[in-house]
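Engineer: Provided below for reference: sequence and predicted model.
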Amino acid sequence: MLLMSSMILIRNNLKALVCTHYIIIIGFLITGCASLAFLQGYLSAFWWLTLVGLGLYTTYIPFNCIFFERLIASF
């Protein structure tokens, strides 16, 4: 939540839009790496569920809140 709220400090809308893309990609990577590690047996079910939840939250929130606002403001 701190990461999402700190996006207000970026005044340039295009830079904020690019930063939002990076945050969404990081969320996908967290989800994918956690799932791969779980399938390989490196993670327990608890940590897999926690990391997948974090990754999906990290992807969902910027996409629904920040992405479209900055996209409209940029173009």
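Structural biologist: Right, received. Where do you want to start?
Engineer: for residue 52, which residues are in contact?
Structural biologist: Applying CB atoms under 8 Å, 6 or more residues apart in numbering, we find residue 52 in contact with 30, 31, 34, 35. For glycine as for every other residue, the C-beta is placed from the backbone atoms N, C-alpha and C.
Engineer: actually residue 30, not the one I wrote
Structural biologist: Shown here is residue 30, whose contacts under the criterion CB under 8 Å, 6+ apart are 51, 52, 54, 55, 58.
Engineer: which among the contacts of residue 52 count as buried?
Structural biologist: Among these, those classed as buried by neighbour count (16 or more other CB atoms under 10 Å) are 30, 31, 34.
Engineer: hang on, the last one packs against residue 43?
Structural biologist: This means residue 34. Yes - using CB atoms under 8 Å as the test, residue 34 is close enough to residue 43 to be in contact (6.4 Å).
Engineer: picking up where we left off before, tell me which of the buried ones among the contacts of residue 52 is nearest to residue 62?
Structural biologist: Minimum distance to residue 62 across the buried ones among the contacts of residue 52 is 13.1 Å, recorded for residue 30 (CB to CB).
Engineer: I am finished for the moment; much appreciated.
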